[in-house]
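Undergrad: whatever this is, show me its structure:
(4 chains)
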Protein chains: 2
Amino acid sequence: MRDSELPAIRRLPLFRTMSEENFLSLTSAAYVQTFPPQVNLIEEGALPDFLHIVTEGAVEMFAGWNRRETTMAIVRPVSTFILAACIKDAPYLMSARTLERSRIILLPVGDLHSIFRRDPDFAMATVDELAACYRGVVRQTKNLKLRSARERLAAYIMRKSAEAGDAASVVLSVEKRLLASFLGMTPESLSRAMRSLQDDGAKIDGQRVIITDRAALEALARPSRLIDGPD
Amino acid sequence: MRDSELPAIRRLPLFRTMSEENFLSLTSAAYVQTFPPQVNLIEEGALPDFLHIVTEGAVEMFAGWNRRETTMAIVRPVSTFILAACIKDAPYLMSARTLERSRIILLPVGDLHSIFRRDPDFAMATVDELAACYRGVVRQTKNLKLRSARERLAAYIMRKSAEAGDAASVVLSVEKRLLASFLGMTPESLSRAMRSLQDDGAKIDGQRVIITDRAALEALARPSRLIDGPD
DNA sequence: CGAACCCTTGACAGAAATCAACTAAGGTGG
DNA sequence: CCACCTTAGTTGATTTCTGTCAAGGGTTCG
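TA: Residues are numbered from 1 along each chain as shown, chains lettered A, B, ... in the order given. Take a look at the predicted model:
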């Protein structure tokens, strides 16, 4: 593992509070691997063997049914994924694949469980992490059920802008077809929705979205702390 | 509190493993209340004050945005709700109202937190519970994004039938408009979807759904353990 | 240079929401 | 006890939204 990686992982809320001893014993058993883009890391239905951590690159969480597929999340460094499956020792509900060349740390579930059982601080941190994940998915469900595709796109742009300090222009960090799938629509619909947002204060130029009328866009997106976060 | 209630709560996975002492101290501080139908128990955006438990009746979890409203879940006895918000001490993401006359046990979050911190078994149970909740919402999201309204209805019927031991007939336990909202459609769409399922092996008769051709219905719903559970 | 692949656009089809009218059931008050 | 009112559910007509199919432009990469 690289020098910078361990501290970066240690800084994650999930690992910040646990004892140094346990942290070292957990990470010393870890595997580190670098994967090219488009490599399947985990497949839904399989049983968990490692808690995954991305330290470089990007990972897509996706799920399939009946020859259809949808993007559930995009995980960027430094983050863990599939914690819940590891905890429950139950089949993955999502698959994961690399989007770019990515470095992945793999923590064996066995070690995770044993340390989890004897380090109360780690258990607490796990509770907090899972509660946060849960709330994240609840937000996503509200977003899907309460907003139309156009509204979801507008809200996404507002959110990205807010994350960049209310920037007037945001750069899409993922392929549009991926964003479309994440937002629950087809690439064609996203393309049209983008175009139609010109009348609502947002212009698209390649990978860059320029907010031309923040008030108009906000009127459409109606951002809400209870859907779009950040808490 | 009634004689039968405490044991029933104790039997919940969340409370089963904690020490008797802590369980008694937690529940002795509890409030018990009976509410008529259509009473708002909690409102999204507010800060958590009690962990709620339904012991009788039924509770609807719902969420609103921009004059729209959607049913997120229906909670039946004996179950807890809004655990995640209590743990994180963060604003509710959902509102709750009684559907019928309901008995609700209220556990003050303060007691919850303090016992949570000193009872490792309770902390473990909380982790398990949250992981299960998380996986539940992930399933719901997959259901919404991967299946059409008709397919969701078919899957819902299959699921209800499976829960009743593959019964050929199931009784809808909630109002249709509520079911529609839960499944992410309008009452009109649900009505039409029900009717259209006659060609796919399910007939509706009032509150009762009769599965006339299980194979056909299954071909439409394509139930998957990774969406419809039970794990 | 060619072969993928992504994105866009157009035409069309299908799904689902909306608007409106009507029925039936249940509860209320005279 | 009955007329009335409210509400859930259904149905029809229509609009809106979104997906599908097909084609073409542009880019990247081997």
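Undergrad: does stretch A:209-227 reach chain B?
TA: Yes: counting by CB under 8 Å from any CB of the partner chain, chain B has neighbours in stretch A:209-227: A:222, A:224-227. Bear in mind the C-beta positions are built from the backbone N, C-alpha and C, glycine included.
Undergrad: narrow those residues to those that are buried.
TA: A:222, A:224, A:226-227 (16 or more other CB atoms under 10 Å in any protein chain shown).
Undergrad: close to DNA strand D, is stretch A:210-226?
TA: No: using CB under 7 Å from any atom of the strand, stretch A:210-226 never reaches DNA strand D; the gap is at least 10.9 Å.
Undergrad: can I get the buried ones among the residues of stretch A:209-227 next to chain B in a markdown table with distance to B:Arg152, pLDDT and secondary structure?
TA: A markdown table is the format used below for these (distance: CB to CB, whole Å; pLDDT from 0 to 100; DSSP: H, G, I helix; E, B strand; the rest coil):
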| residue | distance to B:Arg152 | pLDDT | secondary structure |
| --- | --- | --- | --- |
| A:Arg222 | 26 | 98 | coil |
| A:Ser224 | 25 | 98 | coil |
| A:Leu226 | 24 | 98 | helix |
| A:Ile227 | 21 | 98 | helix |
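Undergrad: nearest to A:Leu183 among those residues?
TA: For those, the closest approach to A:Leu183 (CB to CB) belongs to A:Ile227, at 13.3 Å.
Undergrad: I'd like the distance between that closest one and A:Lys142.
TA: Counting by CB to CB, to the nearest Å, the gap from A:Ile227 to A:Lys142 is 5 Å.
Undergrad: identify the contacts common to those two.
TA: Taking CB atoms under 8 Å, 6 or more residues apart in numbering or on different chains as the criterion, A:Ile227 and A:Lys142 both touch B:Trp65.
Undergrad: farthest pair within the buried ones among the residues of stretch A:209-227 next to chain B?
TA: Largest pairwise distance in those, by CB to CB, is 11.2 Å, between A:Arg222 and A:Leu226.
Undergrad: find residues that contact each of the two.
TA: B:Trp65.
Undergrad: quick check, A:Thr80 in contact with A:Phe50.
TA: No: judged on CB atoms under 8 Å, A:Thr80 makes no contact with A:Phe50 at a distance of 10.5 Å.
Undergrad: helix/strand/coil for the nearest residue to A:Ala162 once chain neighbours are set aside?
TA: In this structure, A:Ala162 finds its nearest non-sequential neighbour in A:Pro223, 7.5 Å apart by CB to CB, 6 or more residues apart in numbering or on different chains. Counting by DSSP: H, G, I helix; E, B strand; the rest coil, the backbone at A:Pro223 sits in coil.
Undergrad: quick check: A:Pro223 touching A:Ile157?
TA: No: between A:Pro223 and A:Ile157 there is no contact under CB under 8 Å: 10.2 Å.
Undergrad: ok, how many other residues are close to A:Phe62?
TA: With neighbours defined by other CB atoms under 10 Å in any protein chain shown, the count for A:Phe62 comes to 21.
Undergrad: quickly run through the sheet partners of whatever helix or strand it lives in, with directions.
TA: Using DSSP states H and E, A:Phe62 falls within strand A:59-65. Strands that pair with strand A:59-65, judged by DSSP bridges, come out as strand A:68-75 (antiparallel), strand A:95-98 (antiparallel).
Undergrad: so can I have TSV of those strands showing mean neighbour count?
TA: Below are the strands paired with strand A:59-65 laid out as TSV (neighbours: other CB atoms under 10 Å in any protein chain shown):
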stretch	mean neighbour count
strand A:68-75	18
strand A:95-98	20
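Undergrad: which of these sits closest to B:Gly184?
TA: Closest of the strands paired with strand A:59-65 to B:Gly184 is strand A:68-75, at 14.5 Å (criterion: CB to CB).
Undergrad: where does the residue lying farthest from the centre of chain A land in three-state SS?
TA: Most distant from the centre of chain A: A:Asp199, at 30.0 Å, with distances by CA atoms, centre = their mean. Three-state call for A:Asp199 (three-state DSSP): helix.
Undergrad: then the strand holding A:Phe62 to PDB, C-alphas only?
TA: Extracted in PDB, the C-alpha atoms of strand A:59-65 (Å, rounded to 0.1, in the frame of the first residue of the first chain):
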ATOM      1  CA  VAL A  59     -16.500   2.800  -9.500                       C
ATOM      2  CA  GLU A  60     -20.000   2.300 -10.800                       C
ATOM      3  CA  MET A  61     -22.500   0.500  -8.700                       C
ATOM      4  CA  PHE A  62     -25.300  -0.900 -10.900                       C
ATOM      5  CA  ALA A  63     -28.000  -3.500 -10.800                       C
ATOM      6  CA  GLY A  64     -29.700  -5.500 -13.400                       C
ATOM      7  CA  TRP A  65     -33.100  -7.300 -14.000                       C
END
